[in-house]
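Participant: got a sequence here, can you build the structure:
(one chain, ligands or ions: 3)
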Amino acid sequence: MIPTASYAAHTAKAPLAPYHFDRRDPREHDVVIEIEYCGVCHSDLHTVRDEWGKGSYPIVPGHEIVGRVIAVGPGVRKFKPGDLAGVGCMVDSCRECVNCKDDLEQFCMKGAVFTYASRDRHDGSATQGGYSSHIVVDQDFVLHMPENLDLAAAAPLLCAGITTYSPLKHWKVGKGSKVGVVGLGGLGHMALKLAHAFGAQVVQFTTSESKRADALRLGAHDVVLSNDEEQMKQHAGSFDFILDTVSASHDLDVYLRMLKRDGTMALVGVPEKPTPLAAGALIFGRRSLAGSLIGGIAETQEMLDFCGKHGIVSDIEKIRIQDINEAYERMLKSDVKYRFVIDMASLKAAAA
Ligand code: NAP
Ligand code: ZN
Ligand code: ZN
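Facilitator: Ligands and ions are numbered 1, 2, ... in the order given. Prediction:
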């Protein structure tokens, strides 16, 4: 067993607190990673506060995990001790269903095994995430991190990066497309950087006037304050694609009306409550409303390689694990520029 230090939520209402548990010894195809950094995704907060209703406590959140391999099982060929490694939102899937065979393990028909708040396929134990000192993961779900990127700033690529890269690719965003990004948080700022790198014209929608200058710096051609009707009107009916990253309930119709004929808006944000929708916003203009969930492992590696090649990382604020509860409160106020990343060295300091 591998003694593991972590921070966990013990109930939906309690702040995260130190928690010690054992990780399994590596199975034949497992990689043991000593975690150096872990990004803080809004999904961590939704999950530990039971907003999606699948909590089985304690929960150690965290699915933007980077570190070094310290041991491998006897059948591991893809990694060796000393290698940089990343783990995102999934740690396993059935590997046999049509979606797994199509490299879309996130849609595994038997249910992908998520990095935390899920069940291991072999022993039924609860999976626990990256706010921890170590993690043990099957080699097929471990990613190679580009050596040239700042490791802490690359951690958010494992969720925020792939969750925005995948829909931009799926809906063929590139030169000549006009793309809207709704919400400038962790996912939103990666969507902005990636859509810009793909050569699209990008407009950032935000509720925070204070983020205007940052949005332009991050690659937006225009920034629209979404509660300013005049600014909104200027872009009505002009977008090929809109990616909505907002974490709280909000009006979808206003953004659907921004789409061109046959345009698509994809939701990646997962608000706690359902959102009403006016059919007219879809009918007039034959528009589509879609959703997208992270990305498969092969596409995640493709995204990491793309980011390595183009020097794309997240804009981060490093925090100590002891500051995680305060970071959650700031995230709820949209006060993050643009991703918190936990320096796991602080976990050792806490234990000393
Ligand atoms: P985040 O960093 O908190 O960003 C969310 C942004 O949404 C905020 O910065 C804010 O941007 C905007 N916002 C927040 N509350 C709002 C409100 N009431 N009305 C309008 N805008 C609001 O969160 P994140 O980590 O990027 O995650 C975003 C969402 O995606 C979460 O629901 C998360 O669970 C989900 N997610 C989904 C997937 C997937 O695979 N589909 C993967 C990861 C995360 P402005 O200040 O610019 O308005
Ligand atoms: Zn996430
Ligand atoms: Zn499957």
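Participant: how about stretch 60-80 and ligand 1, any contact?
Facilitator: No: against ligand 1, stretch 60-80 shows no contacts by CB under 6 Å from any ligand atom, the least distance being 8.3 Å. Where C-beta positions appear, they are placed from N, C-alpha and C, glycine not excepted.
Participant: mind showing which ranges of the protein have poor pLDDT?
Facilitator: 350-352 (pLDDT under 70).
Participant: now it against ligand 1: closest residue?
Facilitator: For the chain, the nearest residue to ligand 1 under the criterion CB to the nearest ligand atom is Gly185, separated by 1.8 Å.
Participant: count the neighbours of the residue of the stretch 201-350 of the chain found nearest ligand 3 for me.
Facilitator: Of all residues in the stretch 201-350 of the chain, Gly296 sits closest to ligand 3, at 10.8 Å by CB to the ion. Other residues near Gly296 come to 23 when the count uses other CB atoms under 10 Å.
Participant: and it, how far from Lys169?
Facilitator: Look at Gly296 and Lys169: by CB to CB, to the nearest Å, they are 11 Å apart.
Participant: got it, and Pro276?
Facilitator: Per CB to CB, Pro276 is found 30 Å from Lys169.
Participant: the two - which one has more neighbours?
Facilitator: Set side by side, Pro276 and Lys169 give different neighbour counts by other CB under 10 Å, the larger being at Lys169 (18 against 8).
Participant: helices along the stretch 201-350 of the chain, start to end?
Facilitator: Taking DSSP state H, counting those that start in this stretch as the criterion, the stretch 201-350 of the chain contains helices spanning 212-218, 229-233, 253-256, 279-283, 297-310, 324-332, 345-351.
Participant: and the nearest residue to the residue of the stretch 201-350 of the chain closest to ligand 3 once chain neighbours are set aside, how many neighbours?
Facilitator: The spatial neighbour of Gly296 that comes closest, neighbours along the chain excluded (CB to CB, 6 or more residues apart in numbering), is Asp103 at 4.3 Å. Using other CB under 10 Å, Asp103 is surrounded by 14 other residues.
Participant: ok, Asp103 touching Glu299?
Facilitator: Yes: in terms of CB atoms under 8 Å, Asp103 counts as a neighbour of Glu299; the distance is 6.8 Å.
Participant: ok, His144 to Ala327 distance?
Facilitator: With distances defined as CB to CB, the gap from His144 to Ala327 amounts to 28 Å.
Participant: which of these two has more neighbours?
Facilitator: Applying other CB under 10 Å to His144 and Ala327 shows that Ala327 carries more neighbours, namely 22 against 15.
Participant: contacts only, for the more buried one.
Facilitator: Contact criterion CB atoms under 8 Å, 6 or more residues apart in numbering gives Val40, Ile319, Val336, Phe340 as the residues in contact with Ala327.
Participant: please identify the residues of the stretch 51-200 of the chain in proximity to ligand 3?
Facilitator: Residues of the stretch 51-200 of the chain lying close to ligand 3 by CB under 5 Å from the ion are Ser93, Cys94, Cys97, Cys100, Cys108.
Participant: between those residues, which has the most around it?
Facilitator: Neighbour tally across those (other CB under 10 Å): the maximum, 26 neighbours, falls on Ser93.
Participant: dump the residue contacts of that one.
Facilitator: Contacts here follow CB under 8 Å, 6+ apart; on that basis Ser93 touches Cys100, Glu105, Gln106, Cys108, Lys110, Gly111, Ala112, Val113.
Participant: which ChimeraX command selects the buried ones in these?
Facilitator: The buried residues among the contacts of Ser93 can be selected in ChimeraX (16 or more other CB atoms under 10 Å) with this line:
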select :100,105,106,108,112,113
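Participant: report the two of the contacts of Ser93 separated the most.
Facilitator: When these are compared pair by pair using CB to CB, the farthest-apart members prove to be Gln106 and Lys110, with a separation of 12.5 Å.
Participant: returning to what we had before: restricted to strands, list the contacts of Ser93.
Facilitator: Among these, the subset assigned to strands under DSSP state E consists of Val113.
Participant: among the contacts of Ser93, which one sits closest to Val223?
Facilitator: Gln106 (31.0 Å).
Participant: quick check, that closest one in contact with Val91.
Facilitator: No: the criterion here is CB under 8 Å, and Gln106 misses it with Val91 at 11.8 Å.
Participant: can you say which helix or strand has Gly180 in it?
Facilitator: Taking DSSP states H and E as the definition, one finds Gly180 inside strand 178-182.
Participant: and Ser346, what is it in contact with?
Facilitator: Under the criterion of CB under 8 Å, 6+ apart, the contact list for Ser346 reads Arg320, Ile321, Gln322.
Participant: give the burial count for Tyr37, as a bare number.
Facilitator: By the other CB under 10 Å criterion, the neighbourhood of Tyr37 contains 25 residues.
Participant: does it sit in a helix, a strand or a coil?
Facilitator: Under the three-state scheme (DSSP: H, G, I helix; E, B strand; the rest coil), the conformation of Tyr37 reads as strand.
Participant: pretty sure it sits against Pro156.
Facilitator: No: using CB under 8 Å, Tyr37 is not in contact with Pro156; the gap is 9.3 Å.
Participant: that'll do, ta.
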